[in-house]
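Enquirer: Here is my input, please return the structure:
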Amino acid sequence: MLKFQTHQLDNELNLITAPLETSEAVTILILIKTGVRSENDKNNGISHLLEHVFFKGTKKRPNAYGIAKEFDTLGANHNAFTSFEYTGFYIQSDAQDFEKSFELLSDLFLNPTFPEKDVEREKGVVIEDVNMHHDVPQEYVWVLNQKQLFPKISLGFDLGGSAETIKKISRVDIVNYFKSGYRPDSTIVVICGNPKKFNWKQSTKKYLKMEKNNSSLPIETFKPEEIKRVVQQTRKIDQTHFVLSYLTFEKSDPRRYALSLLSTILAGGMSSRLFTEIREKRGWAYYVRSDISSYEDIGTIAFYAGVQKDKLNESIKIIQDQIADICKTGPTKEELERAKQNLRGHLALALEDSFEIASFLAEEAVFEDKIRQPEEIIEKLNAVSANDIQYLSQDIFKSDKMGLAIVGPKEYRVSL
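Expert: Numbering: from 1, shown residues only. I've put the predicted structure just below:
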């Protein structure tokens, strides 16, 4: 059982503390419930750009080089990340350096100066980051798929933005976005690791003095739209990469346990149905996998692979045949038990490290009414029956909820 405590400070900031005395490290994770879903057509990419320029200077630390030296001196792991519904900043260091680490991360988070020259320079860095991901077919196919499923809302945006939108974002835009979105009531701080002699709650009050404000950023809600069945891009490459995905439900839906098991049974490992049929039996692909994306009000399940360029249609047919089979008969008893053991093992391994525990607790706090214990998750997984998975499959695997995105060496005629 995870040991943790939740606290709400006077400014409405949410703090979660999780002592882990078997570790000699400590992780401080700051999560803001602001991400790409708060963007619009004109400022797409601002969440990602803002994340970058946080590290460029504060009044106390006026340049990026000095900040980098402090991180290096601590020997700390540090980074930031952007998602559709939140943005995160973290540092993982020797527990003895907790105060130094917290003061440094808090200063960057609360007091960025967003120097004009650095904002302009960092736009180029972010654009190259976007270009790098677009140059990789197995990554760009996801950009196509996201836009395909959510064509008219911000969930369909590219996480990193586009060169066109990023170039037009000004320093004033960044400052206003920061002031509106980065509020204490939208902030979750998780501290996990060895507490040593430090009082984590007092340190949070000391370093994260965020003032309340009434401003906010809108979050565009999901509205069902007609999905274009197939989208594709041709490139001079040897493989064809595809994502076949279906709309599901919000992250807090009680059926999420059955969905995780369904994903695992179909393409969650080397003994899964699709890996066995497409790679092991036929040798058509190197990778064959499944993925679940879950948001506050909608979600997706996707099957993706990179296959021989002339085996796309056959691969899609295999996926659809396996989907049809599980809708008709459900999983076997052996498949279901193996999937449950698989997910139990993954959960145990995921909670071995202070950063992973902090990430788990932060995401739970974002999406759940209460933070679930790992034992509760396992209990819910164990309670899922074969019939539950069969009924779920019949509900989600429908043609009007489906989209196929392709990046390959030619245009394909695909029957779905």
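Enquirer: show me what contacts the closest residue to residue 111 other than its chain neighbours?
Expert: Leaving aside its chain neighbours, residue 111 sits nearest to residue 58 (4.1 Å; criterion: Cβ to Cβ, 6 or more residues apart in numbering). Quick note: C-beta positions are derived from backbone N, CA and C, even for glycine. The neighbourhood of residue 58, defined by Cβ atoms under 8 Å, 6 or more residues apart in numbering, consists of 107-108, 111-113.
Enquirer: Which of those fall within helices?
Expert: 107-108 (DSSP state H).
Enquirer: So how do I select the buried members of the contacts of residue 58 in ChimeraX?
Expert: Here is the ChimeraX command that selects the buried residues among the contacts of residue 58 (16 or more other Cβ atoms under 10 Å):
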select :107,108,112,113
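Enquirer: Surely residue 287 touches residue 305?
Expert: Yes: using Cβ atoms under 8 Å, residue 287 makes contact with residue 305 at a distance of 6.1 Å.
Enquirer: neighbour-wise, which of the two wins?
Expert: residue 305 (29 against 15; other Cβ atoms under 10 Å).
Enquirer: Validate this expectation: that one resides in a strand.
Expert: Yes: Residue 305: assigned to a strand according to DSSP: H, G, I helix; E, B strand; the rest coil.
Enquirer: so how far is residue 140 from it?
Expert: Here the criterion is Cβ to Cβ, to the nearest Å. By it, residue 305 lies 15 Å from residue 140.
Enquirer: How about residue 281?
Expert: 29 Å.
Enquirer: Also residue 341?
Expert: Taking Cβ to Cβ, one finds residue 341 at 35 Å from residue 140.
Enquirer: Looking at these two, which has the bigger crowd around it?
Expert: Ranked by neighbour count (other Cβ under 10 Å), residue 341 and residue 140 place residue 140 first, with 18 against 12.
Enquirer: Touching, the more buried one and residue 134? I think so.
Expert: Yes: using Cβ under 8 Å, residue 140 is in contact with residue 134, at 5.0 Å.
Enquirer: residue furthest from the geometric center of the chain?
Expert: In terms of distance from the mean C-alpha position of the chain, residue 197 ranks first, at 33.5 Å (Cα atoms, centre = their mean).
Enquirer: what kind of secondary structure is that one in?
Expert: coil.
Enquirer: Can you read off the pLDDT for it?
Expert: pLDDT, residue 197: 95.
Enquirer: check contacts around it.
Expert: By Cβ under 8 Å, 6+ apart, residue 197 has no neighbours at all.
Enquirer: mind checking how far it is from residue 27?
Expert: 18 Å.
Enquirer: Tell me how far stretch 41-49 lies from the chain's centre.
Expert: 17 Å (Cα atoms, centre = their mean, to the nearest Å).
Enquirer: again with stretch 104-119
Expert: 24 Å.
Enquirer: just stretch 269-289 next, same as before
Expert: For stretch 269-289, the distance to the chain centre is 25 Å (Cα atoms, centre = their mean).
Enquirer: now swap in stretch 153-170 and tell me
Expert: Centre-to-centre, stretch 153-170 and its host chain are 17 Å apart (Cα atoms, centre = their mean).
Enquirer: Begin at 20 from now on, thanks
Expert: Understood, numbering begins at 20; the last thing we discussed is stretch 172-189.
Enquirer: for the nearest residue to residue 288 once chain neighbours are set aside, what are its contacts?
Expert: Excluding its sequence neighbours, the residue lying closest to residue 288 (Cβ to Cβ, 6+ apart) is residue 361, at 6.0 Å. Residues near residue 361 by Cβ under 8 Å, 6+ apart: 283, 287-288.
Enquirer: Check these for burial and list the buried ones.
Expert: For these, buried by 16+ other Cβ under 10 Å: 283, 287.
Enquirer: Low-confidence bits of this structure, can you list those?
Expert: Scanning the chain for pLDDT under 70 picks out nothing.
Enquirer: biggest helix in it by residues?
Expert: Per DSSP H, the chain has its longest helix at helix 135-154.
Enquirer: That helix packs against which elements?
Expert: helix 65-72, helix 156-168, helix 182-187, helix 190-200 (3 or more Cβ pairs under 8 Å, 6 or more residues apart in numbering; DSSP states H and E).
Enquirer: make it 10 Å
Expert: Applying 3 or more Cβ pairs under 10 Å, 6 or more residues apart in numbering; DSSP states H and E, we find helix 135-154 packed against helix 65-72, helix 83-93, helix 156-168, helix 182-187, helix 190-200.
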